[in-house]
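[1] Fold the following and give me the result.
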Amino acid sequence: HGTPFGDSGLRGDSARLATMATRFSTTWQPVDGIVPSVPAEYPPLFPWLLGRLSTIIDRPAWSLIGYGEATLISAAVLLAFLLWRGIVPTPVALALAVLPPWVFNQPRKSYEIITIAVFVPWVLRTFTNRSRSEGGLHWLTAGIIGGLLVQTYQGYLLFGVLGLLAIVAFTWHGAADRMAYLRHVIGAGLTAFVVASWYLV
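    You can find the predicted model right below:
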């Protein structure tokens, strides 16, 4: 409190983020924070944005970590609310939106908080058999969100991959137009890969 450092000072993940953000203030490439000749070992989007912002406003990247954490947690609530609002009533959407930062009370992992806040409604709106009028996402929108999730923190996607495959299999099995559903899933997956390829490739 009262310092330019983020939550937890410069230890653990906060130190990793500060190192990566500092590196990204000098390069556009997703490289390691310490050894620039190797790829980023952690999803780079959050520290990359801080690093690029630091060059624009001419402030050290590490001094922006706390502001970035606060902004990302606020954005998590807003984005979760907007995604949930497409499939549940407004009061329920609001209650679901405030749960991730409340339950996952670690501001230094704000990039994980925003990912878990968005992940579940994104899966439900992308991979269940919902029409656009029922809150389903267009494959392009779903793919862009998926690609941003991978670049922010891919852990929940990896942790949930078996459940995600089960949802896709059950939805495909019960779909009235299986080919249309398959095209939707492939389109979303390819778009996510293209968006995240800057990091993945």
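
[2] make it CA atoms for all contacts and neighbour counts henceforth
    OK.

[3] Can you tell me the closest non-neighbouring residue to the spatially most central residue of the chain?
    Here the mean C-alpha position of the chain is nearest to the C-alpha of Leu149 (C-alpha atoms, centre = their mean), at a distance of 3.0 Å. Leaving aside its sequence neighbours, Leu149 sits nearest to Thr115 (C-alpha to C-alpha, 6 or more residues apart in numbering; 6.1 Å).

[4] quick one: contacts for that neighbour?
    Residues near Thr115 by C-alpha atoms under 8 Å, 6 or more residues apart in numbering: Ala76, Leu149, Thr152, Tyr153, Tyr156.

[5] can you check Arg178 too?
    Contacts of Arg178 by C-alpha under 8 Å, 6+ apart are Trp172.

[6] All further residue positions should be reported with the first residue as 47.
    In the new numbering, first residue 47, that becomes Arg224.

[7] pLDDT at it, what is it?
    In this prediction, Arg224 carries a pLDDT score of 91.

[8] From Arg105, how far out is it?
    Computed as C-alpha to C-alpha, to the nearest Å, the Arg224 to Arg105 distance reads 52 Å.

[9] Pull out the buried positions in the helix or strand that contains the residue nearest to Leu195.
    For Thr161, the host element (DSSP states H and E) is helix 156-173. By neighbour count with 16 or more other C-alpha atoms under 10 Å, helix 156-173 contains the buried residues 156-173.
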